[in-house]
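1. requesting a structural model of the entry that follows:
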Amino acid sequence: MQKIATALLSYGMSGKVFHAPFLELHPGFELIGAWERSKKKIHEDYPLVKSYGTLDEVLADPEVELIIVNTPTETHFDYAKQALLAGKNVLVEKAFTTTAAEAEELRDLAIESKRKLTVFQNRRWDSDFKTVKDIFDKQILGSIVEAEIHFDRFNPNLSAKPHKEVKSPGSGVLKDLGPHIIDQALVLFGFPDSLFADVRSTRQNSVVDDWFDITLFYDTFRVRVKSSYFVREPLPSYILHGKKGSFLKSRGDVQEDDLKAGKKPMVTDWGKEPEFRSGVLHTEIEGLEVREHVPTLQGNYYHFFEELFQYVKKSGKNPVPADDAVKTMKIIEAAIESSETKTHITF
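-> Purely as a prediction, here's the structure:
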């Protein structure tokens, strides 16, 4: 199997937790190295790979076929653009860019340069979302009337990572957790007709947004996406109400916690939620009222990397096309405008 030689643009949490373990696991990838500015840590885990001192070194390396842009959001556009112009295929972390215009430029540049470009919306491969999508796709709730997707936490303290708490085009929860649940809403329901949003700061001394509530308006139903750092007792993270019934599901995917704990991912036995986190389905099936717990489907980010391999090497489908990320950025921009002007935004 011809491997995809891959370089990371940082080896912090995302590189160590979300990318390197799956690049090591998948037989179609080879981790070549990482750009490390000050702390040289990749050799602690992968002693045989390269530690690049500059971005130019990564771009000039003829071995490198794929570059993963996993740096702070405000750098994504510049680094991804340089990588595409250098003839590399590119995987960009969320948020894809800081503006919709930047997202469109990267999308168009990838097409012009005949390079492969995708976005790491890994939460599509979470166990909880896969289960919600399965219930939705089976249409056993009837026509959807309303839905909610939450990504809530209880964390009143400011982050120890300076770039997360300094006001910049890429900071704030709307561009951190927002892309996850906005993308999930778009996967399920498509692009809305309009939206209304409230975006604000709630933590003491915070200068970035850490709370948002966005209502997406569709012709016959509404979808709410929401995030807060002051939710000690959370609601279900997924709430779907249809004309036949409802489905409620907690955010229960275990992959991030397991990866942070140092567990190595596997192709098969990985990403299984505990049974007590199963969702509740209350609906009508063939004229009978049914209320039951639904076993959670298995999540696995490995499948993203398998689709990425097929996309780059076998002309398979793009796991997350750049155009999907353009739509997410349009929602984020409209949400900011709606909150600032206190108006309803129509697309």
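2. strands of the stretch 51-200 of the chain, residue ranges please.
-> 66-69, 89-93, 117-120, 144-150, 194-200 (DSSP state E, counting those that start in this stretch).
3. and the fourth one, which strands flank it?
-> What that stands for is strand 144-150. strand 222-228 (parallel), strand 238-242 (antiparallel) (DSSP bridges).
4. about what we covered before: now render the strands of the stretch 51-200 of the chain as CSV, adding distance to Asp126 and mean pLDDT.
-> Yep, even glycine has a C-beta here, placed from its N, CA and C like the rest. Shown next, in CSV, are the strands of the stretch 51-200 of the chain (distance: least, Cβ to Cβ, whole Å; pLDDT from 0 to 100):
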stretch, distance to Asp126, mean pLDDT
strand 66-69, 20, 98
strand 89-93, 16, 98
strand 117-120, 13, 98
strand 144-150, 12, 98
strand 194-200, 24, 98
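5. could those go into CSV alongside mean neighbour count?
-> CSV is the format used below for these (neighbours: other Cβ atoms under 10 Å):
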stretch, mean neighbour count
strand 66-69, 26
strand 89-93, 25
strand 117-120, 26
strand 144-150, 20
strand 194-200, 18
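6. which one of these lies nearest to Val225?
-> Val225 lies closest to strand 144-150 among the strands of the stretch 51-200 of the chain, at 5.1 Å (Cβ to Cβ).
7. returning to what we had before: and the strands paired with strand 144-150 as JSON lines, adding distance to Thr341, mean neighbour count and mean pLDDT?
-> Listed next are these as JSON lines, based on distance: least, Cβ to Cβ, whole Å; neighbours: other Cβ atoms under 10 Å; pLDDT from 0 to 100:
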{"stretch": "strand 222-228", "distance to Thr341": "19", "mean neighbour count": "21", "mean pLDDT": "98"}
{"stretch": "strand 238-242", "distance to Thr341": "28", "mean neighbour count": "21", "mean pLDDT": "98"}
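8. need those in TSV with distance to Thr328, can you?
-> TSV is the format used below for these (distance: least, Cβ to Cβ, whole Å):
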stretch	distance to Thr328
strand 222-228	11
strand 238-242	18
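9. out of those strands, which is closest to Ser143?
-> Using Cβ to Cβ, the strands paired with strand 144-150 put strand 238-242 closest to Ser143, at 5.9 Å.
10. so, low pLDDT: which residues of the stretch 51-200 of the chain?
-> Judged against pLDDT under 70, the stretch 51-200 of the chain has no low-scoring part.
11. run the chain-centre distance for stretch 159-177.
-> From the chain centre to the centre of stretch 159-177 is a distance of 16 Å (Cα atoms, centre = their mean, to the nearest Å).
12. list of residues touching it?
-> The contact list for stretch 159-177 (Cβ atoms under 8 Å, 6 or more residues apart in numbering) reads 72-76, 95, 98-99, 151, 158, 199, 206-212, 227, 229, 332, 335-336.
13. swap in stretch 21-30?
-> 1-6, 31, 46, 66, 259, 264-267, 301-302, 304-306, 309, 313.
14. mind checking pLDDT for the nearest residue to Leu55 once chain neighbours are set aside?
-> Take Leu55 and drop its neighbours on the chain: the residue closest to it by Cβ to Cβ, 6 or more residues apart in numbering is Trp35, 5.9 Å away. What the model reports as pLDDT for Trp35 is 98.
15. name the residues of stretch 108-128 that are buried.
-> 109-110, 115-128 (16 or more other Cβ atoms under 10 Å).
16. secondary structure class of His293, three-state.
-> Three-state assignment for His293 (DSSP: H, G, I helix; E, B strand; the rest coil): strand.
17. who touches the residue nearest to it when sequence neighbours are not counted in this structure?
-> Of all residues beyond its chain neighbours, the one nearest His293 is Ser278 (4.4 Å), with distances taken as Cβ to Cβ, 6+ apart. Listed by Cβ under 8 Å, 6+ apart, the contact set of Ser278 reads His293, Val294, Pro295, Thr296.
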